[in-house]
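A.B. asks: starting from these lines, generate the structure:
(one chain, ligands or ions: 3)
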Amino acid sequence: MKKFSVVIAGGGSTFTPGIVRMLVENLGRFPLERLYLYDNDGERQAILGEAIEIMLSEEAPDIDFAYTTDPKKAFTGMDFCMAHIRVGKYAMRELDEKIPLKHDLIGQETCGPGGMAYGMRSIGGMMELIDLMEQYAPECWMLNYSNPAAIVAEACRVLRPDSKVLNICDMPVGTLRRMSQILGTTPDQLEVDYFGLNHFGWWTSIRGKDGTDYTEQVKAYVKENGYLNQVEIDTQHTDPSWQETHKKAKDLFAVEPRFLPNTYLQYYLFPEDMVAHSNPEYTRANEVMGGREKEVFDTARRIIANGTAKENGFHIDSHASFIVDLARAIAFNTHERMIMIVENNGAIANFPDDAMVEVPCIVGSKGPEPIAQGKIPNFEQALMFQQVTSEKLLVEGFIEGSYQKVWQAFTLSRTIPTATKAREVLDDLIVANGDFWPELK
Ligand code: NAD
Ligand code: G6P
Ligand code: MN
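C.D. replies: Ligands and ions are numbered 1, 2, ... in the order given. Below is the predicted model:
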C-alpha cells in the first residue's frame, strides 16, 4: 500500500494531538511515510511537537516526523495538508467575542460580527498557506478546518478557484454522532440528507444504511430534548456552554419542525437569548483557554517531563476522525458520502450557483461530487440568501478594501439589527484588529 505524507498546518493547534492520535490509530487504513507540523508560532508548536515526537517514537517509530516553521521543509512533497490555523490566536478570539457583547450583539467565534472580524483576519493567512502549498507541493490537497469556514470557502472560490482546497466543518459529524446515540446505533450505520451554508443548515432525512427512515424518531427526541444526550460519548462539544447549545436545538426545531437544525442557527434565530446568556467578562474563548487549551498543553508538558506518552496521553474525537476519513476517501477513491462545503452549481436547485453551500457529497480521488438536494422552502431560502450575501459582501469588501461593503455585510447579518449598530461595532473591530485587517477606505 502506498504511504502518504501529511503536513498539519497550525501545528500548534489544540486539535493537532487528536488528529495525530487518529492518524496513528489508522495506520493500517492510511499508512504514513512522513508527518510534519507547520506553524508560524514556533514556540507554541514546539510544546506539542516535542510531546508528539515522544508519542510517535513509542508507537510509530517508522514515521518520519518533524515540526518546523520553515514552509519549504513543511510542504515539499506532501500529499495532504490538514489545515487548522487561527490567525490572531485566542487573544483575538476573545476580542471577537467581547467587543460585540459591549454593543449587546452576539459574541461568537464564527457567527455575527465576531465571525466576520475573524473572517477578515483569516482570508490573508489562508491564501498565504495555499500559495505555500502550491509552491512546494503542487499536487497536494488541503483539507481545511480553519474558520470561519463559510467566509474562508467563499474567499477560496473567488481568489484561488483552481486550488485543491476542501473546506470542511465537524459540526454535522458531531451532531450525527449525537443522533446515532439517540437511535442506539453508530454514525457509520447512518446516511443523511442535509442542505445549508456552513454553520447554517438543516437535516432533511436520517436513514439507516439499510434504508430504514429514522427522521421522525430523531425529530420526536429533538422536540423534547434538543440534541442533549443522556450519556456523553465524545470528548468534544461537552463543556457547559455546549450543553446549553445542544439543548437549544429544541427551540430551533420549534421554529422549523420540518427539518433538524444545525445548532449554529441559534445565533441567527435567537440572538437576544444568546446575548442575555453571555457573560461579557467570560466568554467561550475564556472557557477554552482554561479548558481544552490548558488540558492539551498541560498533557504535552507532562509527556515531555515524563519522557513517555504511554499513560495519560492525548485523546481523539469525531473532529479528528472526519479529517482522516476525508484524506482516505481522496487517497483511495472510496466514494464515501460526506457533508462538505462546495460551490452550489445546482445542488440546491433554487439557490445561486456561485454560493458556497454545505451538502452531502460523494468523495473520491477527484474530490467531492455534490449530491443534489432539490428545492428548499422559502423560509430557509430567504434566510440563507441573506446570510450568503452578507458573506459575499464581506469577501468583496476584504478584496477591494471597501469600508462600504464591509459595513453592508455587517448590516445584512441577522445578528445585527440596524445599520447604525453595524457601523458602531465595525468601527470598534477595525481598531481592535489593526494590521490583521486590510485597510478599509
Ligand atoms: P489554536 O489557536 O489552538 O491553533 C491555531 C494555530 O494556528 C496556532 O498555533 C497559531 O500559531 C497557528 N497559526 C495562526 N496563523 C497561522 C499562519 N498564518 N500560518 C501558520 N500557522 C498559523 O486554535 P484551535 O482552537 O485549535 O483551532 C484551530 C482552527 O480550527 C480554528 O480556526 C478553529 O476555528 C478551527 N476549527 C474548525 C472546526 C470546523 O468545524 N471547521 C472545528 C474545530 C476547529
Ligand atoms: C464546532 C464547529 C467549529 C468550531 C468549534 C468551536 O466544532 O464546527 O467550527 O470552531 O465548534 O469549538 P470551541 O470548543 O473552540 O468553542
Ligand atoms: Mn464548524
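
A.B. asks: surely E244 forms part of a strand?
C.D. replies: No - counting by DSSP: H, G, I helix; E, B strand; the rest coil, E244 is not found in a strand; it is helix.

A.B. asks: packing partners of the helix or strand Y36 falls within?
C.D. replies: Assigned by DSSP states H and E, Y36 belongs to strand 32-38. If you count contacts as 3 or more C-beta pairs under 8 Å, 6 or more residues apart in numbering; DSSP states H and E, strand 32-38 packs onto strand 4-9, helix 16-25, helix 42-59, strand 64-68, helix 71-75. Backbone N, C-alpha and C define where each C-beta goes, glycine included.

A.B. asks: ok, which of these comes nearest ligand 3?
C.D. replies: helix 16-25 (15.1 Å; C-beta to the ion).

A.B. asks: give me the buried positions along the closest one.
C.D. replies: Neighbour counts using 16 or more other C-beta atoms under 10 Å place 16-25 of helix 16-25 among the buried residues.

A.B. asks: from these, pick the one nearest ligand 2.
C.D. replies: G18 (11.9 Å; C-beta to the nearest ligand atom).

A.B. asks: the closest residue to F270 other than its chain neighbours: how many residues sit nearby?
C.D. replies: Spatial nearest neighbour of F270, chain neighbours left out: D251 (6.3 Å); criterion: C-beta to C-beta, 6 or more residues apart in numbering. Using other C-beta atoms under 10 Å, D251 is surrounded by 15 other residues.

A.B. asks: from the chain's centroid, how far away is the helix or strand where M133 lies?
C.D. replies: Using DSSP H and E, the element containing M133 is helix 112-136. The chain centroid and the centroid of helix 112-136 are separated by 13 Å, computed with C-alpha atoms, centre = their mean, to the nearest Å.

A.B. asks: for the residue positioned nearest the centre of the chain, what are its contacts?
C.D. replies: Here the mean C-alpha position of the chain is nearest to the C-alpha of C169 (C-alpha atoms, centre = their mean), at a distance of 3.8 Å. When contacts are counted by C-beta atoms under 8 Å, 6 or more residues apart in numbering, C169 touches 145, 149, 198-199, 339, 341, 358.

A.B. asks: what subset of the residues you listed is also close to ligand 1?
C.D. replies: 145, 149 (C-beta under 6 Å from any ligand atom).

A.B. asks: if we can go back for a sec, so the residue nearest to the centre of the chain is in which element?
C.D. replies: Applying DSSP H and E, one finds C169 in no helix or strand.

A.B. asks: cool, the one 4 residues further on as well?
C.D. replies: When secondary structure is defined by DSSP H and E, V173 falls within helix 171-182.

A.B. asks: how about the contacts made by the closest residue to P261 other than its chain neighbours?
C.D. replies: Distance criterion C-beta to C-beta, 6+ apart; nearest residue to P261, sequence neighbours excluded, is L252 at 3.8 Å. With contact set as C-beta under 8 Å, 6+ apart, L252 has these partners: 226, 261, 263, 265-266, 269-270.

A.B. asks: what two of those residues have the greatest distance between them?
C.D. replies: The largest separation in these, counting by C-beta to C-beta, is between G226 and L269 at 13.4 Å.

A.B. asks: now do the shared contacts for these two.
C.D. replies: 251-252.

A.B. asks: neighbour count for the two, which is higher?
C.D. replies: Shown here are G226 and L269; by other C-beta under 10 Å, G226 has more neighbours (23 against 18).

A.B. asks: quick check: the more buried one vs L265, distance?
C.D. replies: According to C-beta to C-beta, to the nearest Å, G226 stands 12 Å off from L265.

A.B. asks: ok, now G290?
C.D. replies: From G290 across to L265, the span is 27 Å (C-beta to C-beta).

A.B. asks: of the two, who's got more company?
C.D. replies: Between G290 and L265, counted using other C-beta under 10 Å, L265 has the larger neighbour count: 24 against 12.

A.B. asks: nearest residue to the more buried one other than its sequence neighbours?
C.D. replies: L252 (5.1 Å).

A.B. asks: outside of the helix or strand hosting V275, which residues touch it?
C.D. replies: Secondary structure assignment for V275, by DSSP H and E: helix 271-276. For helix 271-276, contacts defined as C-beta under 8 Å, 6+ apart pick out 101, 104-106, 108, 112, 248, 251, 266-267, 414-415.

A.B. asks: buried only: go through the residues you listed for me.
C.D. replies: Among these, those buried by neighbour count (16+ other C-beta under 10 Å) are 101, 105-106, 108, 112, 248, 266-267, 414-415.

A.B. asks: now render the contacts of helix 271-276 as a markdown table, adding secondary structure, distance to E139 and pLDDT.
C.D. replies: What follows is the contacts of helix 271-276, written out as a markdown table (DSSP: H, G, I helix; E, B strand; the rest coil; distance: C-beta to C-beta, whole Å; pLDDT from 0 to 100):
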| residue | secondary structure | distance to E139 | pLDDT |
| --- | --- | --- | --- |
| L101 | helix | 45 | 98 |
| D104 | coil | 49 | 98 |
| L105 | coil | 44 | 98 |
| I106 | coil | 41 | 97 |
| Q108 | coil | 37 | 98 |
| G112 | helix | 38 | 98 |
| K248 | helix | 43 | 98 |
| D251 | helix | 47 | 98 |
| Q266 | helix | 41 | 98 |
| Y267 | helix | 38 | 98 |
| R414 | coil | 41 | 98 |
| T415 | coil | 40 | 98 |
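
A.B. asks: of these, closest to I316?
C.D. replies: Once C-beta to C-beta is applied, the member of these that ends up nearest I316 is Q108, at 25.9 Å.

A.B. asks: so P138: helix, strand or coil?
C.D. replies: Classified using three-state DSSP, P138 is coil.

A.B. asks: from what I see, G174 and H319 are in contact.
C.D. replies: Yes - contact criterion C-beta atoms under 8 Å: G174 and H319 qualify, at 7.2 Å.

A.B. asks: identify the contacts common to those two.
C.D. replies: Q236.

A.B. asks: the helix holding V275 close to ligand 2?
C.D. replies: No - Helix 271-276 is not in contact with ligand 2 by C-beta under 6 Å from any ligand atom; minimum separation 13.6 Å.

A.B. asks: what distance separates the helix or strand following that helix from the middle of the whole chain?
C.D. replies: Once the chain leaves helix 271-276, the next helix or strand it forms, by DSSP H and E, is helix 284-290. Mean-position distance between helix 284-290 and its chain equals 17 Å (C-alpha atoms, centre = their mean).

A.B. asks: in helix 284-290, what's buried?
C.D. replies: Of the residues in helix 284-290, 284-288 count as buried by neighbour count, 16+ other C-beta under 10 Å.

A.B. asks: I am finished for the moment; much appreciated.
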